[in-house]
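Peer 1: With the sequence up front, the predicted model follows.
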Amino acid sequence: MTLMRGFPQQSFAGTHVALVNTDYRWPIARPQRGAGTWPLFLHTAHAAVFADAGQTWTDRFRMRSTKTSAGAEFSLNIIAGYSFSLTTTLGAAWGHDGADHSDRGTMYIRVGRAF
């Protein structure tokens, strides 16, 4: 379950998966410029807030064991070599594990789009 932000990948095990992601994204700036004639430029800077809920299970789905998280992201869309698009993201999430009632905060960096 790599789309559940706020938890390490090893937090999930099972043969079935249920997952809901909600995001609200908005552009901050669209400079579409680079430095001089370098083949690298910033296309768009954007931000997002999100909420995720998910569960993995093998025998029986238990609603009380659902994991939830909420957080925010800041992303840059960069164009390299005049045509190669790359998205980099810095995010923070607060996760709650319903199975053991623990909470944790995490920060992450992602290269590429979430979905």
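Peer 2: Thanks, I have the structure now.

Peer 1: Can you name the residues in contact with stretch 49-68?
Peer 2: 1, 3-7, 11-24, 69-73, 93, 95-99 (Cβ atoms under 8 Å, 6 or more residues apart in numbering). For the C-beta atoms, the positions are set from N, CA and C on the backbone; glycine is no exception.

Peer 1: Would you give the sheet partners of the worst-scoring helix or strand of the chain on mean pLDDT, along with the direction of each?
Peer 2: The least trusted helix or strand in the chain, going by mean pLDDT, DSSP states H and E, turns out to be strand 33-34, with a mean of 80. Under the criterion DSSP bridges, strand 33-34 sits next to strand 40-57 (antiparallel) in its sheet.

Peer 1: all strands of this protein, in order?
Peer 2: Using DSSP state E, the strands of the chain run over 16-29, 33-34, 40-57, 67-80, 84-97, 102-111.

Peer 1: any idea which of those scores lowest on pLDDT?
Peer 2: For those, the weakest mean pLDDT is recorded on strand 33-34, namely a mean of 80.

Peer 1: how far away is the nearest residue to R30 once chain neighbours are set aside from F7?
Peer 2: By the measure of Cβ to Cβ, 6 or more residues apart in numbering, the closest residue to R30 outside its immediate chain neighbours is T44, 5.0 Å from it. Between T44 and F7 the computed distance is 28 Å (Cβ to Cβ, to the nearest Å).

Peer 1: The two: who's more crowded?
Peer 2: The residue with more neighbours, out of T44 and F7, is F7; 21 against 16, by other Cβ atoms under 10 Å.

Peer 1: How about the contacts made by the more buried one?
Peer 2: So F7 contacts 1, 67, 69, 95, 97, 104, 106 (Cβ under 8 Å, 6+ apart).
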